[in-house]
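Trainee: coords please:
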Amino acid sequence: MAKFDDTRSYYRATAHAAPSHPQLEGEIKADVAVLGAGYTGLSAALELAEAGLSVVIVEAETVGFGASGRNGGQICTAYNKSMATIRNRFGEETARAAWDIADAAPKLVGERIKKYGIDCDLKWGYMHAGEKASHVEDLKETQAEWDQYGYTGSKLLEGADLRDKIGSERYKAALWEPGGGHVHPLNYCLGLAQAALKAGVKIYEHSRAIRLDTDDNPAIHTEKGVVRADYMVLAGNAYLRETQPYLFRRLMPVGSYIIATEPLGENRAKGLISGDEAVTNCSFIVDYFRLSGDKRMLFGGRATYSGLEPNDLGGFVRPRMLHVFPQLEDVKIEHVWGGYIGITVDRMPHVGRIGSRTYFSQGYSGHGLALSNMCGKILAQAIRGQAEQFDVMSRFKHPIFPGGKFRTPLLTLGMFWYRIKDALA
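Mentor: Next up, the predicted model:
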């Protein structure tokens, strides 16, 4: 698996100053040991520490190194799966409870930004844009589904109304919603870390786990130290890999890539997305884009499944941006970067427990900014004996990715087929 260089990231270039944290050395004890200093781990640690527990986070790189510091910044509503599918498979009671969790996730992000004074360019508003007639029907079904669950206020935009919102001729319709939005994801992550530190959490960076004990005596072992705890939280997501085979077999690391243009200026930026919303298209292989706080176009997509980084990231993503916004042909690309997200076979988050004392959450499948924060909170609640929402999320059982050692080439071939379907639909 390629190790992407995050120094090219716009987020890293514009990150707020943050303290470095020591490497783990020797043996320490805590109530809870957390593996991973991204959204899931920080969210769980913050909740637990504020409840009075001693918490230690062990991070292989630095705070926000993985998807939490590299993603598109979109605060998504719901799951990467329709509520109708969830309802048909698990029944109305579970579907309603799952919806309530997803509905609370963006709100939790907003509440934390306000509570802890996190400066991360928060903007509310989200659009799901469709290029094809089939996408328009999908958007209408989604809107009806949201109405059924009490999520009101969305608007289906077409014609002149759509052109007023998105300066592109590519889309036939877009579903606008008030509850999603976008942030500077790394600055949000660093703000969570600061809140966790103030609550008493200890963070150790550059401390890669070489062994995990998931029995009745949980422990995280690194090359130079070990954390022993009453409970453990595994929050490595796509970067956990072979450290925990049970989880790794149920997760596929997928490369996702983003470019950032030079600053466009207020007027030109407003001509692209007039309301400063985040936008995602409806194709299986998605494009996602938004404006940054300093009015750059941040455009992502063109996922890869091979584990290899494209030779030219800018050349890989820029054609997709020009497909949507040909008027940006003259604009310079100043930042290019990539990283891994974790997807599951059925695109629902994988939440559960190994034994009686090790909890985990992974596989947000492109909806991680909001859901990882919520699932981290749910893990913390479960450790404290409040397991109602944990029980809901753990009902979603996750099969192993098929193909064994051949799963990566098989998935790559499958995604090639979906690209063809997107083109022909």
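
Trainee: any idea where the helices of the stretch 1-150 of the chain begin and end?
Mentor: With DSSP state H, counting those that start in this stretch as the criterion, the stretch 1-150 of the chain has helices at 10-13, 39-50, 83-90, 92-116, 133-148.

Trainee: Now the element after the helix or strand harbouring Ile220, going C-ward?
Mentor: Ile220 is part of strand 219-222 when elements are defined by DSSP states H and E. Using DSSP H and E, the helix or strand that follows strand 219-222 in sequence is strand 225-234.

Trainee: In that following strand, which residues are buried?
Mentor: 225-234 (16 or more other Cβ atoms under 10 Å). For every residue, glycine as well, the C-beta is placed using N, CA and C.

Trainee: Point out where the stretch 251-400 of the chain drops to low pLDDT.
Mentor: 305-308, 310 (pLDDT under 70).

Trainee: Tell me which residue lies nearest the centroid of the protein.
Mentor: Gly368 (2.4 Å; Cα atoms, centre = their mean).

Trainee: Could you report the separation of it from Lys114?
Mentor: 21 Å (Cβ to Cβ, to the nearest Å).

Trainee: and what of Ser9?
Mentor: 26 Å.

Trainee: Could you check which of the two is surrounded by more residues?
Mentor: Comparing Ser9 with Lys114 by other Cβ atoms under 10 Å, the one with more neighbours is Ser9, at 22 against 10.

Trainee: so how far is Gly36 from that one?
Mentor: Distance from Ser9 to Gly36, by Cβ to Cβ: 19 Å.

Trainee: residue boundaries of the strands in the stretch 151-300 of the chain?
Mentor: For the stretch 151-300 of the chain, strands defined by DSSP state E, counting those that start in this stretch occupy the ranges 155-158, 173-182, 202-204, 209-213, 219-222, 225-234, 252-261, 278-281, 288-291, 297-304.

Trainee: cool, the stretch 301-425 of the chain as well?
Mentor: For the stretch 301-425 of the chain, applying DSSP E, counting those that start in this stretch gives strands covering 333-343, 350-354, 358-362.

Trainee: What mean pLDDT does stretch 120-130 get?
Mentor: Computed over stretch 120-130, the mean pLDDT rounds to 99.

Trainee: From the opening residue of stretch 200-218 to its closing one, how far?
Mentor: With Cα to Cα, to the nearest Å applied, stretch 200-218 spans 21 Å between its terminal residues.

Trainee: Work out the gap between that stretch and the centre of the chain.
Mentor: 22 Å (Cα atoms, centre = their mean, to the nearest Å).

Trainee: which parts of that stretch are buried?
Mentor: By 16+ other Cβ under 10 Å, the buried positions in stretch 200-218 come out as 201-205, 207, 209, 212-214, 218.

Trainee: again with stretch 246-256
Mentor: Using 16+ other Cβ under 10 Å as the test for burial, stretch 246-256 gives 247-248, 250-256.

Trainee: Over to stretch 263-275?
Mentor: Buried residues in stretch 263-275 (16+ other Cβ under 10 Å): 263-264, 269, 272-273.

Trainee: Contacts made by it with the rest, please.
Mentor: Here stretch 263-275 makes contact (Cβ atoms under 8 Å, 6 or more residues apart in numbering) with 125, 164-168, 279, 289-291, 294-297, 325, 327-328, 331.

Trainee: show me what contacts Gly191?
Mentor: Gly191 makes contact with 16, 113, 116-120 under the criterion Cβ under 8 Å, 6+ apart.
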